[in-house]
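[1] quick one, what's the 3D model for this:
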Amino acid sequence: MTTINEFQEMCAKVVGEIDAKYGIARDPHFSFTQFMEEVGELAKEINKPKLRNKEMDRENLNGEFADVILQFFTLASMLEVDVEKAVEAKMAILKERHDL
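    Predicted coordinates:
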């Protein structure tokens with residue numbers, strides 16, 4: 001079973017290899033804007049039924065979620081954020097705050 005940390009590293013590695021192939025110099029600013037671009041593409045797919053009176057394309061929806069995750073984990077790695085630890089810590093705070 002893959003841990004979140006291993007998955008984060010794998011995502012960042014693949015994005016890094018694509019960047020190297022195309023000579024892209026990635027920094028946190030670029031990575032964040034690319035992440036936001038992918039979130040926008042996901043939003044566009046989710047909004048299809050309301051905005052365009054069309055069904056969501058499930059295959060594209062899955063791909064957009066994957067793109068968001070790839071960019072999210074890449075950005076987190078660049079900023080040296082351990083997503084697994086960060087989420088565990090936040091969940092503990094939320095559980096305490098909301099008496100769960």
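[2] what ranges does this structure have for its helices?
    4-22, 28-51, 58-78, 83-97 (DSSP state H).
[3] for the ones you listed, give me a markdown table that also has mean neighbour count and mean pLDDT.
    C-betas here are computed from N, CA, C, even on glycine. Shown next, in a markdown table, are the helices of the chain (neighbours: other CB atoms under 10 Å; pLDDT from 0 to 100):
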| stretch | mean neighbour count | mean pLDDT |
| --- | --- | --- |
| helix 4-22 | 14 | 97 |
| helix 28-51 | 14 | 97 |
| helix 58-78 | 17 | 98 |
| helix 83-97 | 11 | 97 |
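[4] quick check: residue 99 vs residue 40, distance?
    Separation of residue 99 from residue 40 (CB to CB, to the nearest Å): 36 Å.
[5] list of residues touching stretch 8-26?
    The contact list for stretch 8-26, computed with CB atoms under 8 Å, 6 or more residues apart in numbering, reads 2, 30, 69-71, 73-74, 76-78, 82-84.
[6] ignore the last one, stretch 74-83
    4-5, 8-9, 11-12, 15-16, 26-28, 31-32, 35, 73.
[7] good, wrapping up.
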